[in-house]
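Visitor: Fold the following, please.
(one chain, ligands or ions: 1)
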Amino acid sequence: MNKMPGSSNKTMTAPDFNRDGATPMMVQFLELKEQYQDCLLFYRMGDFYELFFDDAVKAAEALDIALTKRGKHQGNDIPMAGVPVHSHETYLQRLIRKGFRVAVCEQMEDPAEAKKRGAKSVVKRDVVRLITPGTLTEDSLLDARRHNYLAAIADVRGKMGVAWLDISTGDFYVQPCTLPGLGAALARLDPGEVLISDRLLNRSEMFDLYNDYKNIITPQPAARFDPANAELRLKKLYDVAALDAFGGFETAELSAAGALIDYIELTQKGQMPRLSPPTRMAQGAAMEIDAATRRSLELTQTQTGERKGSLLSVIDRTRTGAGARLLAARLSAPLTEADSINRRLDLVSYFHDHDDLRTDLRASLSECPDIERALSRLSIGRGGPRDLASLRDGLACAFAIRNLLDHPASNSLDTLPASLNDHLSEMGHHGDLVDLLRRALAESLPLMARDGGFIATGYHPPLDELRMLSSESKKLIANLQARYIEQTAISSLKVKHNNVLGYFIEVPAKQGDKMMEVDEFIHRQTMANAVRFTTVALSELEGRVSKAGDQAMALELDLFADLVTSVLVHADPIARCAQALAGLDVSSSLGELARDQGCVRPIIDNSLSFDIRAGRHPVVEAALKNAGESPFVANDCRLEDEQKLWLITGPNMAGKSTFLRQNALIAVMAQIGAFVPAQSAHIGAIDRLFSRVGAADDLARGRSTFMVEMVETAAIINQATDRSLVILDEIGRGTSTFDGLSIAWAVVENLHEVNKCRGLFATHYHELTALAAKLDHLSCHTMLIKEWQEEVVFLHEVGPGSADRSYGIHVAQLAGLPKAVIKRAEQVLKTLEKGQQGSGVAKLADDLPLFAAAMAQVEKEEKSSAPALSDQQKALLSAMDDMDPDDMSPRDALDALYRLRALQKQAAT
Ligand SMILES: Nc1ncnc2c1ncn2[C@@H]1O[C@H](COP(=O)(O)OP(=O)(O)OP(=O)(O)O)[C@@H](O)[C@H]1O
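Guide: Reported below is the predicted structural model:
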């Protein structure tokens, strides 16, 4: 941590809000800080945001910036740290990532105004915004390809509701929820921040959830979740008398949605961003996938938290940020309703079948800026000229895309899929707005409107006049230089400009006296090497330049505000257009993926089918391809009728986990409306997907591997229905053999008899295969291998039947376990296989030779198995032994080399 430089005095960290004796500025700071004690207060002072007291200490440590001090409070030094305004976003990003909340306090008036009230008066300041992880709008603080949701959870008389919105795009949703389903809902949303009322948070049932999300939970007073207030807030926001038009919301959903709006008002200080009316997601509309299943299937990120290596990274071919966000959102929430899935598939099919059209569309999309985020920034008063340009270019792209899709050059006789027509009509017509923005905006644009110069010449004549006045005056100033040189005969005289003096005449120091003699030149400043003057004419021209400049700036800002208004009048249709573009991006990119990867359109209906022919694991297949290894082996999976539940045995490393996961991933891909990596696929829509494939300790929650496994298994047994797909890999391996086997046994029976779900169950407990005789819908399958010259070759093929052994020792050998250990393991295995399990196991230690004896045996075998050397080979070795390179001349060395080569040739024949 940074130390207070050169300070032996006591410093104070936590501010003492006692204002006695404080300077007026500190009084102002303390008044503000007292209101925002849970935030770091960025206190604007000129070109810096300053932090004081423990805010400064925390920020200095988090940002690795200097910690200094400024004045005293109550007799103690005040720690201070600061970040420049022009680069503050980088610092903000780091603070937000580290979990801080920041209150941004701005100067609300020109310092000159404050001075008018008296020399000691303080510039008015106020907090204009609270920056929290769930309320970010700046591109620099956001990932362009991911949504950043702010979520709220409400409980009203035992009924729960979840609401979530992305302030940077205006998306807003609600859904009813149950306590057991809450974890899955949050895992799906992966929000940046979660609001929960303190009353709900204190309930013991919430402790686990709190544990999982404590870093992003922002507790709120229960009053902020009041449903009656929530309803009023929503009605006011959307200016409606009743909310029925948006769908029938349950009270808990309203309460959650209202808490979100309240929080936005609180953090944005009343500046409401554009928010789409809340869309209600019905319970069960999305495939339920709990957090453990998401982790194990690595849908949007790998188990180590990276995007690379996830399913999303392999299937994402989108060209726009909005498309990428939509694809990630769809992948997190596959649909359950067959008709909706098929509508999406129709569009993917269309793009899959029309290569040229798809290529042209994707080329156009590449040019399309992020309309959603630009619109959101403009709506919240945080946009700049470049956001207007993004809208201009994005809407122009939409126009071009509409033309392209409305009049496909080829296949003009094809009927367009219904969802394509929907997208086209959602794109609307924004020609007038594009035209306006084209005329209004200059070619190169500053980030902030206050930097000026962004209105195109010719758009607004009065602005052109002011600019002309200013530039003509500048020209006249330049002319003055020539006149004064002639008048004074000082050729080195220059007219210059700086921010302190404005325009001035500068001559070298030795010419200063000469200038002083002329009344016209008014002395301003004497420097070491130069003397500076002004004249009445120069001051007048300068006045004209700055007046015209100020007027032009004010006019530009007015014009900017007008343009923003013209955009915001159309905010909703623009947002719909942006969503349509994102939809086209996703569908065309899935069409591209299907073409590229040889995927097929799945048949999705309401049956209980699960029939995948020649399915492949998209991520493992891509990895094998990248590594240049042998191609992926496709496998069938039919979970129907008497084969609803598969029991899969087979050696380690034979591909069981890959097979299990690939079928889950194919189901997920199919239900987001993507083509799937298979020869054919028929899936009766799945309501819940469970995958328990390996588990790690959850030490944070004090759970062992086995405990985690059992908690997850319990969730499956309690929740899986006959429409669910359950994937279980090696249940029960974390405990003693007999305990594990018994649990696995009972779980299989329960899945078969009670849950009646479709499922894949991989195990090394070969004893379980006996269950197939008892359970009608259980069938045994195994990973095929070939044994060849004592080697095991994995074929990665799934076939009927069961394996009689696991070849674990073989895999251990491949992994490099020492030979002695392998040998010993083989001895133990043989003894066990002779039927000495159970009570006989205890006798193992007596019956088996000692470990040391086994080691000695290995050494002996190695020696005896070493191949005998031929006479020629011996001659070669002894010739090498006889050589001493230090004693050789270069000539001797060369001769020796030839000799060795000749001996080696003899040895080889
Ligand atoms: N169908 C396949 N085609 C080609 N290679 C495959 C296939 N399935 C698996 N593999 C390769 O085999 C490796 C091991 O697969 P996997 O982890 O699925 O085996 P496993 O049977 O589950 O092993 P264990 O029982 O030890 O967990 C994979 O990393 C992959 O490289």
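
Visitor: which non-adjacent residue is nearest the residue in the stretch 101-250 of the chain that the ligand sits nearest to?
Guide: Closest to the ligand within the stretch 101-250 of the chain is residue 187: 23.9 Å, counting by C-beta to the nearest ligand atom. Heads up, the C-betas are built off the backbone N, CA and C, glycines and all. Closest residue in space to residue 187, ignoring its immediate chain neighbours: residue 291 at 3.7 Å, by C-beta to C-beta, 6 or more residues apart in numbering.

Visitor: Quick one: neighbours of that neighbour, just the number.
Guide: 16 (other C-beta atoms under 10 Å).

Visitor: Cross-check the contact I'm expecting between it and residue 189.
Guide: No. Contact criterion C-beta atoms under 8 Å: residue 291 and residue 189 do not qualify, at 11.1 Å.

Visitor: The closest residue to the ligand within the stretch 351-500 of the chain: what secondary structure?
Guide: For the stretch 351-500 of the chain, the residue closest to the ligand is residue 352, as judged by C-beta to the nearest ligand atom, at 24.7 Å. Recorded secondary structure, residue 352: helix (DSSP: H, G, I helix; E, B strand; the rest coil).

Visitor: One more: residue 787?
Guide: With three-state DSSP as the basis, residue 787 sits in strand.

Visitor: That one - nearest residue in space that isn't next to it in sequence?
Guide: residue 793 (7.6 Å).

Visitor: Verify the stated contact: that neighbour with residue 783.
Guide: No. Distance between residue 793 and residue 783: 11.6 Å, which falls outside the contact criterion (C-beta under 8 Å).

Visitor: just the helices in the stretch 51-200 of the chain please.
Guide: Ranges of helices in the stretch 51-200 of the chain, per DSSP state H, counting those that start in this stretch, are 53-63, 88-97, 111-116, 179-189, 198-201.

Visitor: looking at the chain, which helix or strand is least sure?
Guide: helix 844-847 (a mean of 52; mean pLDDT, DSSP states H and E).

Visitor: And for residue 584, the neighbour number?
Guide: With other C-beta under 10 Å as criterion, residue 584 counts 29.

Visitor: what's it in contact with, if anything?
Guide: The contact partners of residue 584, taken as C-beta atoms under 8 Å, 6 or more residues apart in numbering, are 323, 361, 365, 401, 405, 423.

Visitor: if you set the cut-off to 6 Å instead, what comes out?
Guide: Contact analysis of residue 584 by C-beta atoms under 6 Å, 6 or more residues apart in numbering lists residue 423.

Visitor: So for the helix or strand hosting it, mean pLDDT?
Guide: Secondary structure from DSSP states H and E places residue 584 in helix 571-597. Mean pLDDT, helix 571-597: 97.

Visitor: switch to numbering from 7
Guide: Noted, 7 is the first residue going forward, which turns the last one into helix 577-603.

Visitor: Go through the very next helix or strand once past it and flag the buried ones.
Guide: Later in the chain than helix 577-603, the nearest helix or strand by DSSP H and E is strand 609-611. Using 16 or more other C-beta atoms under 10 Å as the test for burial, strand 609-611 gives 609-610.

Visitor: List of residues touching strand 609-611?
Guide: 344, 347, 676, 688-691.

Visitor: Next, the buried residues of the helix or strand hosting residue 551.
Guide: For residue 551, the host element (DSSP H and E) is helix 542-575. Under the neighbour-count criterion of 16+ other C-beta under 10 Å, helix 542-575 has 544, 547-548, 550-551, 554-555, 557-559, 561-562, 565-566, 569-570, 573 buried.

Visitor: got it, and stretch 87-103?
Guide: So, applying 16+ other C-beta under 10 Å, buried residues of stretch 87-103: 87-89, 94, 97-99, 101-102.

Visitor: Could you restrict those to the ones contacting the ligand?
Guide: Here nothing survives when the buried residues of stretch 87-103 are matched to the ligand using C-beta under 6 Å from any ligand atom.

Visitor: pLDDT for the residues you listed - can I get that in TSV?
Guide: Conversion of these to TSV gives the following (pLDDT from 0 to 100):
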residue	pLDDT
87	95
88	94
89	94
94	90
97	93
98	91
99	88
101	93
102	90
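
Visitor: Could you work out the most separated pair of those residues?
Guide: 88 and 102 (18.1 Å; C-beta to C-beta).

Visitor: So, low pLDDT: which residues of this structure?
Guide: 7-22, 413-420, 700-709, 740-741, 795-796, 811-812, 841-874, 915 (pLDDT under 70).

Visitor: residues from it in reach of the ligand?
Guide: Near the ligand, when you scan the chain using C-beta under 6 Å from any ligand atom, you find 626, 638-639, 656, 658-664, 802.

Visitor: let's see 5 Å
Guide: 638-639, 658-664, 802 (C-beta under 5 Å from any ligand atom).

Visitor: roughly how far is stretch 540-548 from the heart of the chain?
Guide: Distance of stretch 540-548 from its chain centroid, counting by C-alpha atoms, centre = their mean, to the nearest Å, is 57 Å.

Visitor: Go ahead and name everything in contact with that stretch.
Guide: Contacts of stretch 540-548 with the rest of the structure, by C-beta under 6 Å, 6+ apart, involve 479, 482-483, 508-510, 526, 528, 530.

Visitor: Mind doing that once more with 10 Å?
Guide: Residues outside stretch 540-548 that contact it (C-beta atoms under 10 Å, 6 or more residues apart in numbering): 478-483, 485-487, 489-490, 501, 503, 507-511, 524-531.

Visitor: all strands of the stretch 607-756 of the chain, in order?
Guide: Remark: strands assigned in the stretch 607-756 of the chain by DSSP state E, counting those that start in this stretch are 609-611, 616-621, 641-644, 651-655, 686-690, 694-699, 731-735.
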